[in-house]
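Q: how does the following fold in three dimensions:
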Amino acid sequence: MISIKINNINFLVKKNISLLEACKVVGIFIPRFCYHEKLSVAGNCRMCLVDNGIKLVSSCTAVVEDNPQVFTDTPAVKKARENVVESLLLNHPLDCPICDQGGECDLQDQTKLFGGDYSRFFIPKRGVEDKECGPLVKTIMTRCIHCTRCVRFGTEIAGVDYFGTLNRGSSTEISNYIPTLFDSEISGNVIDLCPVGALTSKPYAFKARPWELRIVESIDLSDSLGSNIYLNFKETEIVRILPKNNISLNENWISDKARFSYDSLKNQRLISSFVKDKRNEKKLKWNSVLNLLRNSIHTKKFTFIIDEDLDMTSINLLKKIRNEYPKNVKVKNINSSSNNFNSNFINNEVKDLNKEITNCFLLSSNIKIENAILNTRLRSKYLNETFNLFSLGLKSKSTIPVKTMNLNIKSIFDMAEGKSKILSKIFANTKTPLVILSSALEKRIKNIDSLVNVFKSYIPSSIILNLKEKSNSKGLSLIGGIKGWNTADINVSDTICFVNLEENITVKKILSSFKGDIIWMNTHYSDILMDLDEVTTVSALSYYEEENLFINLEGRPQKTLKGINGPESARSLRKVFAQLLDKKLYTSKSFNHIIELLSSFDLKKKTSIVSFTNQENTKTTFSTYPLKSSIEDFYRNNNFLKNSIVMAECSQENRKNNTNF
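A: I've put the predicted structure just below:
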């Protein structure tokens, strides 16, 4: 700690931090435009000037040790800030009434606080041509104040040199060197970074003003990280999603599919339950739906097929239904190669990436599209530390220099066991190696625990993160006891209930061979239902429309909160399953249902860090398929995203840039 005097008051602050950070710690507000906590220091807006007793210095570049005494509110400082604001407004258009940034614009706020009440200049304002960034980011570059936040974000965080500073002096502008798509999975974060209305959201354009919006906290379920978000909704419609700062998870970034996929709530929604036969469709009331499900469960061979996006309470209730009717009811995972990855010692968290890690091994993973936010953390380590990335699988695009080796699974076992001449030496010489597994690797190894055991027994300090593909894959594996589907189970069933599944090849394969009754329990309609002669559809609520519990990839339980009301005829899946058991579901005001869920886990077994599972007697088999990512399209990898028009546009634009050569 070091002593510093700010406005004649002594404070103790950390060494080697800037004056701006010191003032922020002690609660003194310093205005700024170009400075941002997660970006490098540019020092070009000059709004953060302070007086060190000798001259005015920019507080974002000045270090505490060199300036033991500063003043933040002297007449000279106030006049300097007024001049800076006046110069920024020289070419800024007077279009605040039609600007989407109005009401939360830093330039508006600081003009009101520090600006003057008149301008000394009466020259024509300069105009700048707008840029095309794709279907997500709207640009009005005449409003740009050249803070260069977007330039630094693209270079340092996103790893895409899309924006740059062109020309000099009064002709300076932010532009792209070559007109192209802002090809990044986190491009929407420049909207939050821009302090003015130069970069705004296209889907949000002219929808609402900030003071009209209500805010609800929630989590992102488009991947397994569970990034924290804010839902902004006007009346009965979500109009915007913003990141919630969480240092241990997503910091203050979110992916584009978390930010822009909310329009899926309005597209192809199942607004009512109905029965379709060869002749017509008949709407069903909820009492009829429940009676139909009860009769099927009591009298027929009934199979629930679920996905790893289903919430914890619903999964637990389905297990209880299966235990209540063991002869009639089965619960299967749509992922037929599910391993229920339950290694006893996998307790590594995202915050473990802050440790000193020099080497990272990606096993059959393209982290850029599988988990874009984790990729930003790895890129930050690469820029600030000595960090090497080894990808064991097919080559893929990356924002970090990667040493790619197209190995098979046997070679990975050899590396972990010390039999590989090059890789084993690198792995053994790393004090804390980082190993990142993907869901694709689980599909290629029957007993993946054996591989993880080898890594941990070879170097116990190694950090292992398993990038689950779905939002609640970890939760499903923690509950356990739900295996993947197989043809034998389907053939002996009289009724199959598809619970919240996406339209994919596996579902079509089951439907093409099944001759019994079909129940489609989902939030959205599917085109494959049109080809069926007889089907019963049940309308469900989405995770934006009710409270649910999910477990992210590090085992962290998180809850979604109700933001809006769903369709009038839609119901919560967990309440439907509770009524099938004739049991009263606990209210959201009580934590009893969470306690009940936790009591269903074998916590002593799951949280043991020291013990290792003995895999000597367990046969490990693996396939010879190439090691590649399980996600082909970043924007359309689950049921919710596939019904989003904005995500479809992004996917289409992204495919235009891809070639086979």
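
Q: what about residue 382, which SS state?
A: The three-state label for residue 382, taken from DSSP: H, G, I helix; E, B strand; the rest coil, comes out as helix.

Q: show me where the stretch 1-150 of the chain has its helices.
A: Secondary structure of the stretch 1-150 of the chain by DSSP state H, counting those that start in this stretch: the helices cover 19-26, 75-88, 106-114, 149-152.

Q: pick the most buried one from those.
A: Burial of the helices of the stretch 1-150 of the chain is given as mean neighbour count (mean count of other C-beta atoms under 10 Å); helix 149-152 ranks first at a mean of 22. Every residue, glycine included, has its C-beta placed from N, CA and C.

Q: relative to the whole chain's centre, how far out is that one?
A: Taking C-alpha atoms, centre = their mean, to the nearest Å, one finds helix 149-152 lying 21 Å from the centre of the chain it belongs to.

Q: does anything pack onto that helix? Which helices or strands?
A: Helix 149-152 is packed against strand 163-166, helix 189-193, with contacts defined by 3 or more C-beta pairs under 8 Å, 6 or more residues apart in numbering; DSSP states H and E.

Q: if we can go back for a sec, make JSON lines from the helices of the stretch 1-150 of the chain and add mean pLDDT and distance to residue 303 to it.
A: Shown next, in JSON lines, are these (pLDDT from 0 to 100; distance: least, C-beta to C-beta, whole Å):
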{"stretch": "helix 19-26", "mean pLDDT": "91", "distance to residue 303": "57"}
{"stretch": "helix 75-88", "mean pLDDT": "93", "distance to residue 303": "64"}
{"stretch": "helix 106-114", "mean pLDDT": "92", "distance to residue 303": "56"}
{"stretch": "helix 149-152", "mean pLDDT": "93", "distance to residue 303": "51"}
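
Q: after the lowest-mean-pLDDT helix or strand in the chain comes which helix or strand?
A: Least confident helix or strand of the chain, by mean pLDDT, DSSP states H and E, is helix 603-606 with a mean of 38. Going down the chain from helix 603-606, the next helix or strand is helix 639-642, by DSSP states H and E.

Q: list the contacts of that following helix.
A: 221-222, 257, 261, 264, 307, 309, 500-503, 522-524, 542, 635-636, 647 (C-beta atoms under 8 Å, 6 or more residues apart in numbering).

Q: hmm, 10 Å instead?
A: Helix 639-642 has contacts (C-beta atoms under 10 Å, 6 or more residues apart in numbering) with 221-222, 257-258, 260-262, 264-265, 267-268, 307, 309, 471, 500-504, 522-524, 526, 542-544, 633-636, 647-648, 650-651.

Q: what's near enough to touch residue 282?
A: 273-276, 288, 536.

Q: if we use 6 Å, what do you get?
A: Residue 282 makes contact with residue 275, according to C-beta atoms under 6 Å, 6 or more residues apart in numbering.

Q: let me know the helix or strand that it is in.
A: strand 281-284.

Q: could you dump the host helix or strand of residue 331 to PDB, C-alpha only?
A: In the assignment (DSSP H and E), residue 331 maps to strand 329-333. Extracted C-alpha coordinates of strand 329-333, given in PDB (Å, rounded to 0.1, in the frame of the first residue of the first chain):
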ATOM      1  CA  VAL A 329     -42.000 -45.400 -17.600                       C
ATOM      2  CA  LYS A 330     -38.500 -44.900 -18.900                       C
ATOM      3  CA  VAL A 331     -36.500 -41.700 -19.100                       C
ATOM      4  CA  LYS A 332     -33.800 -41.400 -21.800                       C
ATOM      5  CA  ASN A 333     -31.300 -38.800 -22.900                       C
END
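
Q: buried ones in it?
A: Within strand 329-333, the residues that qualify as buried are 329-333, counting by 16 or more other C-beta atoms under 10 Å.

Q: including pLDDT, could those go into a markdown table?
A: Listed next are those as a markdown table, based on pLDDT from 0 to 100:
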| residue | pLDDT |
| --- | --- |
| 329 | 88 |
| 330 | 89 |
| 331 | 89 |
| 332 | 88 |
| 333 | 88 |
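
Q: of these, which is the nearest to residue 226?
A: residue 333 (19.8 Å; C-beta to C-beta).

Q: just the pLDDT for the closest residue in space to the closest one that isn't next to it in sequence.
A: In space, and not counting its chain neighbours, residue 333 is closest to residue 484: 4.9 Å by C-beta to C-beta, 6 or more residues apart in numbering. What the model reports as pLDDT for residue 484 is 82.

Q: for residue 484, what are phi and psi?
A: In terms of degrees, to the nearest 10, the main-chain angles of residue 484 are phi -70, psi 160.
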